[in-house]
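# I would like to see how this sequence folds:
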Amino acid sequence: MTFLGFLIIYLVVLALLVHMGTVYDYALKKGYEGTLVRLRCLIPVYGYLYYRDIKSLKLIEEGELEHLFSFEILSKRIAFYGGLLLLFIIIMVPLSTIVVLSVNNSLLQTLFTTFVIILLFLVHQGTVVDYASKKGYIGIKVGLIGLIPIYGFYYYKNLPKKRNASKQAINEVFKLSNMISRIFIYAEITLVAVIVIVPVIYIFGMAFANIRTDIPNQIWPDQPTFEAFRYLFNETNFTTWYMNTLSIALINMFVGTFLITGAAYVFARFNFKGKKAGLLTILVLQAFPSFMGLIAMYVLFWKFGLLGQPRMLSILYIGGSIPGNLWLIKGFLSQIPKDLDESAMIDGASKFQIFVKIILPLSVPILTFVAVSMFMGPWMDYLLPGYLLRFSPAGAPVDYDITQQWTLAIGLFRFINDQTYRHYSAFAAGALLVGIPITILYMVFQRYLIEGIMAGATKG
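Presented below is the predicted three-dimensional model:
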């Protein structure tokens, strides 16, 4: 279909929707409503003429009816239905494409079938929960019983009402508009879940497939094996890469958070000459991407003999994270009342004691968020290690193995980029092992991370 043909169809459908909405509002003003009225309003011209000539059931002025056809109302209606129709097309075109492709593709067919089954399952569960809540039944038990197909609905249908709800209010649960709304909501949730979960399962499947040169065309292997993990630990320097990255991440997290917190505390609680200029300078520095200074970083590392030393990368990571995180922590600390400092000073506390015993405990959420963010950085960075660790350190012997100074990003990239060492399953296995410390941190500090994100978004 050409663009012109698509545009014509879009405009025709939009005109029908605007006509229906306008005529239906016209009918409502005269006291007519219901499904039959909507269907009649869909008929071009006839729908308007029918309700124009029919007797009004309400006392209404002619001006109110004419206002429905004013430029102000019609423009808003066109914009609303135009956006709604465009959103529908954006959703339905990819979905229709997947449906068509799934006919000849077994993988897509499996994914689409799974999506539909999960969607029906969730819609059934949501409908049962809404139906039960109308009758006065709420709680975890309701949700669990709603998971049972068909039985969940009949179970609550036969139970007496705990709430004084009319039959009409209960039947509203099964209203067409409510069902369509529920389908769209759960379809979006299911789609997001599939988009997130399927790649994770695929990575797990690739890690246990032991495939070297070919990318697997199935989500899970027929015969899972641990060969890729054995290859990582026995035939590569994966352990060394892991320890190099872990040490950099820990230095970055502890030293970086300590330095940035101290600097942020000074900017937040003290007044001194050049404070505003310093903050503005730090803010400007944040606008420049780190790769702009690669040559300068290389020259400095070369002159100071730091090339080929992975832990020295912490200097660059900490320095690069100062601008953004300093402003983040400073904004949080500025919201802590200074009355606490003054009260503590009256009681004889020093500035250091105020910082340690008052400021730090109150700043745990934002400090945890910054610390975890700084810990994650080295695990995912390839640019700096790939540029500064490809040289042997000063004084290295002739037979020096340069791979022992690599980080995980460099080593794992080798498995998908180097023809000699290509091993997709090893790359996937390494990626899973990389996720272990990050997942542990997120699980342990989940509460503080959520509070830190909220604090960083609203304070300062």
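
# which residues does W327 contact?
Listed by Cβ atoms under 8 Å, 6 or more residues apart in numbering, the contact set of W327 reads 279, 282-283, 286, 460. In this view, the C-beta of every residue, glycine as well, is placed from N, C-alpha and C.

# would TSV of those with secondary structure, pLDDT and distance to R182 be doable?
Below are the contacts of W327 laid out as TSV (DSSP: H, G, I helix; E, B strand; the rest coil; pLDDT from 0 to 100; distance: Cβ to Cβ, whole Å):
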residue	secondary structure	pLDDT	distance to R182
L279	helix	85	50
I282	helix	81	49
L283	helix	79	46
Q286	helix	74	44
G460	coil	44	40
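
# out of the residues you listed, which is nearest to L84?
G460 (37.9 Å; Cβ to Cβ).

# the domain parsing of the protein - what is it?
Taking automatic domain parsing as the reference, the chain has its domains at 3-104, 116-207, 228-458.

# out of these, which gets nearest to I219?
Nearest of the domains of the chain (Cβ to Cβ): domain 116-207, 5.3 Å.

# low-confidence regions, the stretch 301-450 of the chain specifically.
The stretch 301-450 of the chain contains residues with pLDDT under 70 at 449-450.

# which stretches in it count as helices?
313-334, 339-346, 351-354, 360-362, 364-380, 383-388, 408-417, 424-444, 446-458 (DSSP state H, counting those that start in this stretch).

# residues making contact with the second one?
Think helix 339-346. 269, 353-354, 357-358.

# ranking the domains of the chain by burial, who's on top?
domain 228-458 (a mean of 16; mean count of other Cβ atoms under 10 Å).

# residues in contact with A396?
G308.

# how near is it to M297?
20 Å (Cβ to Cβ, to the nearest Å).

# and if you look at N244?
18 Å.

# ok, L306 next?
10 Å.

# common neighbours of those two, please.
What both L306 and M297 touch, as defined by Cβ under 8 Å, 6+ apart, is the set L388.

# and the domains of the chain as TSV, adding distance to N217?
Formatted as TSV, those follow (distance: least, Cβ to Cβ, whole Å):
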stretch	distance to N217
domain 3-104	14
domain 116-207	10
domain 228-458	12
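
# quick revisit: W302: which of the contacts of helix 339-346 is nearest?
Nearest member of these to W302, counting by Cβ to Cβ, is R269, at 39.6 Å.

# just the pLDDT for the closest one.
At R269, the model reports a pLDDT of 86.

# what mean pLDDT does stretch 178-196 have?
84.

# how far does it sit from its chain's centre?
16 Å (Cα atoms, centre = their mean, to the nearest Å).

# dump the residue contacts of M179.
123, 127.

# what sits against L14?
Applying Cβ under 8 Å, 6+ apart, the residues near L14 are 78, 81-82, 85.

# which parts of the stretch 1-150 of the chain are helices?
Using DSSP H, counting those that start in this stretch, helices in the stretch 1-150 of the chain cover 3-29, 35-41, 46-53, 62-67, 71-102, 106-134, 140-146.

# so for K167, which of these sits nearest?
Once those are compared by Cβ to Cβ, helix 106-134 is nearest, at 10.0 Å.

# and that closest one, what does it pack onto?
helix 71-102, helix 140-146, helix 151-157, helix 167-171, helix 176-207 (3 or more Cβ pairs under 8 Å, 6 or more residues apart in numbering; DSSP states H and E).

# export those helices as a markdown table, with columns for distance to L42.
As requested, those are arranged in a markdown table below (distance: least, Cβ to Cβ, whole Å):
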| stretch | distance to L42 |
| --- | --- |
| helix 71-102 | 13 |
| helix 140-146 | 35 |
| helix 151-157 | 32 |
| helix 167-171 | 25 |
| helix 176-207 | 15 |
